[in-house]
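Asker: Return a 3D structure for these sequence lines:
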Amino acid sequence: MVLPDRAEQIVGRERNQRTCHRQLALNAVVARRVNSIVGLLIYFSVMLSPKRTLVFLIALVVFVVNVAGSPLFLVVENGKFGYINGSGKMIIKPHFTDAGHFSQGLAPVKIDSKWGYINPAGTVAIKPQFDDADQFAEGLARIAIGDRFGYVDRVGTVAIKPAFDVASYFNDGLALVKSSGQWGFVNRTGDFAVKPRFDFANEFSEGLAAVPVNGKLGYIDRSGTFVIAPRFFLAGRFRRGLAVAALERDSAYGFIDTHGNMVIKPTFSEAADFSDGLAPVKLNGKWGFINSTGHVVIRPRFNHAHGFSEGLAAVEINGKWGFIDRTGVLRIKPMFSEALAFQDGLAIVVRITGRGGGIAAPGLSISDVSGTWGYINRRGRYVWQSSD
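Answerer: Predicted coordinates for the structure are as follows:
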């Protein structure tokens, strides 16, 4: 083993094995005390030769890609919240009183009575100071101080002062907020792009948002101008230029384009938004899937179905949920009481075993039952499962 050039001078160019181990240990101690990646780079560029510095940089990149960049998943053990990686290994031990999912490198956590944010190493990145906190979207996260909602950026600076009754995620550069009993939209500086004047509203998607006027839904653009006149009983979010819509309460469902034209005829008793290029639809009491031209590509044969995500969709057959691929082939056999969409390679599933106090999983809550929930991979195998 060859010691770094400068290290050789420090130890008087002794090259025996013991000295080598001593110097490496010293490097490790100093490295642990460096507080940032930039500090590490400076330190090792001084201590190591150019060749060894290159090796260190390559190792750092591998670490960032394979470890630091790996998604983490929220779990609960003994009433405390922590995080696992995609293989089910516990990365951040459960010790938070409440917590949310990671997004854009940070996760909201509750410590004692206040909410803050941690990074994937479990270190507090934004100190607990809020009465509520949510995930980041487009660089901002919804937080609450008292009963007022606003937004912070990723360094914890209040970007939009808490002043709203209710607030939602940023999407398409705007966030849906409620003020004085009415809904409107703010931009990233907190100014109203669309003043509060609606009884309720959907978030923007592809530049349009569904809002009501006199009991009918239409679509506004980012300036608040109606581009599709209010005439629908139901109006979904646009995905690849299509949104599910129904004209009346009891009328069939179809799909409109961004001009309001019914481009897929209303022939379905129920339907949901497109995802991954396919939309769940109900025909003759069973659910299947259509493509963007309205053609049935997966025959309706399921009791219920969720949208596709990461190439798989949850479907219900005879009271149990499994997953199909985009050709309709069952890839994970139906064996769960409930199932959510895949995200970052894992899906939340639930197994109900009887009556009880309820099951609470991230994004899913079922009352008056007992059982377990957990994460499965794309092969249908558990990587983590709660205790009974």
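Asker: Please list all residues in contact with residue 171.
Answerer: 137-138, 203-205 (C-beta atoms under 8 Å, 6 or more residues apart in numbering). (Glycine included, C-beta is placed from N, CA and C.)
Asker: what do you get for residue 319?
Answerer: residue 303.
Asker: Could I get the pLDDT score of it?
Answerer: Note on residue 319: pLDDT of 96.
Asker: can you check the one 4 residues further on too?
Answerer: Confidence per residue is given as pLDDT, and for residue 323 that number is 98.
Asker: can you tell me how far residue 377 sits from residue 235?
Answerer: Between residue 377 and residue 235 the computed distance is 36 Å (C-beta to C-beta, to the nearest Å).
Asker: Which of these two has more residues huddled nearby?
Answerer: Ranked by neighbour count (other C-beta atoms under 10 Å), residue 377 and residue 235 place residue 235 first, with 25 against 16.
Asker: and that one, what does it touch?
Answerer: 202, 210, 217-219, 243-245, 256.
Asker: rerun that using 6 Å as the cut-off
Answerer: 210, 217, 245 (C-beta atoms under 6 Å, 6 or more residues apart in numbering).
Asker: what about the first one, neighbour count?
Answerer: Yep, that's residue 210 we're talking about. 25.
Asker: do the last one as well
Answerer: Other residues near residue 245 number 25, with proximity taken as other C-beta under 10 Å.
Asker: Between the two ends of stretch 109-120, how far is it?
Answerer: With C-alpha to C-alpha, to the nearest Å as the measure, the first residue of stretch 109-120 is 12 Å from its last.
Asker: How about stretch 97-117?
Answerer: 13 Å.
Asker: State the distance spanning the first to the last residue of stretch 309-324.
Answerer: 11 Å.
Asker: for stretch 160-169, same thing?
Answerer: Using C-alpha to C-alpha, the two ends of stretch 160-169 sit 13 Å apart.
Asker: Not counting that stretch itself, show me its contacts.
Answerer: 137, 142, 145, 148-151, 175-179, 190.
Asker: mind running it again at 7 Å?
Answerer: Stretch 160-169 has contacts (C-beta atoms under 7 Å, 6 or more residues apart in numbering) with 137, 142-145, 148-151, 175-179, 186, 190, 203.
Asker: which one of the contacts of residue 235 sits closest to residue 295?
Answerer: Distance to residue 295, by C-beta to C-beta, is smallest for residue 245 among the contacts of residue 235, at 18.6 Å.
Asker: Does anything pack onto the one helix or strand that closest one maps to? Which helices or strands?
Answerer: If you go by DSSP states H and E, residue 245 is part of strand 243-246. Secondary-structure packing of strand 243-246 (3 or more C-beta pairs under 7 Å, 6 or more residues apart in numbering; DSSP states H and E): strand 234-235, strand 253-256.
Asker: Quick check: which of the ones you listed is buried the most?
Answerer: Across the helices and strands packed on strand 243-246, averaging neighbours per residue (mean count of other C-beta atoms under 10 Å) puts strand 253-256 on top, at a mean of 23.
Asker: avg pLDDT for that one?
Answerer: Mean predicted confidence for strand 253-256 is 98.
Asker: pretty sure residue 336 contacts residue 317?
Answerer: No. Look at residue 336 against residue 317 with C-beta atoms under 7 Å: they stay out of range, at 11.0 Å.
Asker: still on that earlier bit, of the contacts of residue 171, which is the most crowded?
Answerer: residue 204 (25 neighbours).
Asker: and the nearest residue to that residue once chain neighbours are set aside, how far is that from residue 194?
Answerer: If the residues on either side of it in the chain are set aside, residue 204 comes closest to residue 172, at 4.0 Å by C-beta to C-beta, 6 or more residues apart in numbering. To residue 194, residue 172 is 12 Å away according to C-beta to C-beta.
Asker: Also residue 275?
Answerer: 26 Å.
Asker: more crowded one of the two?
Answerer: Neighbour tally, residue 275 and residue 194, criterion other C-beta under 10 Å: the higher count belongs to residue 194, 24 against 16.
Asker: Run through the residues that contact that one.
Answerer: 184-185, 220, 224.
Asker: Could you do residue 296 as well?
Answerer: By C-beta under 7 Å, 6+ apart, the neighbours of residue 296 are 288, 290.
Asker: Bridged to it, which residues?
Answerer: When bridges are called by DSSP bridges, residue 296 pairs up with residue 290.
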